[in-house]
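What shape does this take:
(one chain, ligands or ions: 1)
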Amino acid sequence: MSSQPSPTFSSNYSPEQGTKDLSPLLKANGGKWVLTESGKGVERSFKFKTFKKTWEFMNIVAAECAVKKHHPEWSNVYNTTFIRWTTHSPPGLSEKDVLMARFCDEKAGECGELEVEEGKEGDMGSGLADRVAAEGADCCVPKKKSG
Ligand SMILES: C[C@H](O)[C@H](O)[C@H]1CNC2=NC(N)=NC(=O)C2=N1
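Numbers count the residues shown, from 1 in each chain. Purely as a prediction, here's the structure:
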């Protein structure tokens with residue numbers, strides 16, 4: 001048994017509020033999300049009947065990301081998508097991460113989410129998301145204003 005990480009919130013999200021908002025979403029409290037090793041994010045996998053259903057769900061999430069101006073670290077293979085919510089700047093768990101995690105739970109239910117077998121949900125898709133985050137992402141580097 002390894003010890004549970006504790007959450008690290010973004011500097012603009014009070015730990016009191018964050019803890020209150022996040023707690024019900026965590027597996028430890030009957031939710032489905034687990035904290036990342038660093039405590040700066042939450043992650044879980046979602047499984048659906050088909051690729052089409054999975055893609056539909058990802059489309060719904062992507063549309064909400066555009067509204068919230070907040071993106072996930074995620075990956076997909078066939079009928080499973082792995083999603084991690086973390087904020088890059090300022091680093092840690094932000095209110096948007098918690099809102100988006102809750103949004104995903106709700107929409108996945110509406111898309112017919114299937115149970116992932118206990119013990120099999122573990123690292124599904126996290127390796128791929130880690131690689132993209134480490135090698136590819138220049139998403140949240142503050143951009144210089146042009147002109
Ligand atoms: C300007 C824009 O809002 C920022 O770059 C946003 C975009 N989406 C983001 N998403 C995530 N996950 N973390 C961020 O820090 C972040 N920053």
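
Could you measure from the nearest residue to residue 91 once chain neighbours are set aside over to the ligand?
Nearest residue to residue 91, sequence neighbours excluded (CB to CB, 6 or more residues apart in numbering): residue 40, at 5.9 Å. Where C-beta positions appear, they are placed from N, C-alpha and C, glycine not excepted. Separation of residue 40 from the ligand (CB to the nearest ligand atom, to the nearest Å): 11 Å.

Please list the outside residues in contact with the longest helix anywhere in the chain.
Assignment by DSSP state H gives helix 51-68 as the longest helix of the chain. For helix 51-68, contacts defined as CB atoms under 8 Å, 6 or more residues apart in numbering pick out 46-48, 71-72, 74, 76, 78-81, 83, 96, 99-100, 103-104, 107-108, 111-113.

what about 10 Å?
46-48, 50, 70-72, 74, 76-81, 83, 95-96, 99-100, 103-104, 106-108, 110-114 (CB atoms under 10 Å, 6 or more residues apart in numbering).
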